[in-house]
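# quick one: sequence plus predicted model below, questions after.
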Amino acid sequence: MARRFAGVLDAVEAILIALVFATFAKTFVVQAFKIPSGSMEQNLLVGDHILVNKFIYGPSPTALERKLLPVRPLERGDVTVFKFPQDPSRDFIKRCVALPGDRVELVDKRLFVNETEVDESRYTLFTDPRVYPASRFLPESRRFRDNYGPYLVPAAGYFCLGDNRDNSNDSRVWESVPQGFVRGRAFMIYWSLEPAEMVGIEESSVFGRIWERIRWDRSFRVVR
């Protein structure tokens, strides 16, 4: 009986250690995240499941740690996950285009950072050929879409935009992301499932046809 009880304790201990490790990893190292909207198309699609590196932006107080550990500051061009400034209970994913102290401006859809035009041709998608002026007579969703700023990013903030530039709720609407809201950097798509409604599958048959909706070519793709 004592031997059996000891075996049960060992099993419970192993489970608890595994749970602690999983919780630590999710909190500080890596976390899964599902793309809920098309604001990052074509780089990230609705239904992509990605891994977020939560360790990379961690504090690094000494020069030795900066050399030995895979940590670095957030950089322009990083695809980052953060708490939505207007509702911190929700997570958003966008591309950081400007850092603290940068001067940001959009002129007829062209992005300028510190008065230098940024080449975004590698990842930015434009779906609407129209160019809207920055006019208070336009609805908010169009007012600053194509012409914005100049805006000075605060000392503890980041300016983040969606790659699907004509269809994104981002810093043009709610300004900068506070530094403390940043969760991590998106680095890999590990699974991608096309939403049933996008392929015309009835809800009753969703589970039976998952195989048809898997985007195999997107598995293990590095997010850039």
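Everything's here; your move.

# could you pull up phi and psi at the residue positioned nearest the centre of the chain?
For the chain, residue 93 is the residue whose C-alpha lies nearest the centre (Cα atoms, centre = their mean; 2.6 Å). Backbone geometry at residue 93, expressed as degrees, to the nearest 10, gives phi -130, psi 130.

# after the helix or strand bottoming out on mean pLDDT in the chain comes which helix or strand?
Within the chain, no helix or strand scores below helix 2-24, which has a mean of 41 by mean pLDDT, DSSP states H and E. Downstream of helix 2-24, the next assigned helix or strand under DSSP states H and E is strand 30-34.

# show me where the chain has its helices.
2-24, 63-68, 140-143, 171-174, 210-213 (DSSP state H).

# next, the buried residues of the fourth one.
Residues of helix 171-174 classed as buried under the neighbour-count rule (16 or more other Cβ atoms under 10 Å) are 171, 172. The C-beta positions use only the backbone N, C-alpha and C, and glycine is treated the same way.

# could you do the last one as well?
With burial defined by 16+ other Cβ under 10 Å, the residues of helix 210-213 counted as buried are residue 213.

# so, low pLDDT: which residues of this protein?
For the chain, the stretches flagged by pLDDT under 70 are 1-29, 59-69, 197-208.

# quick one: the strands in it?
With DSSP state E applied, the chain shows strands at 30-34, 48-53, 79-84, 87-98, 103-107, 110-113, 116-117, 148-152, 157-161, 177-178, 182-192, 221-222, listed in chain order.
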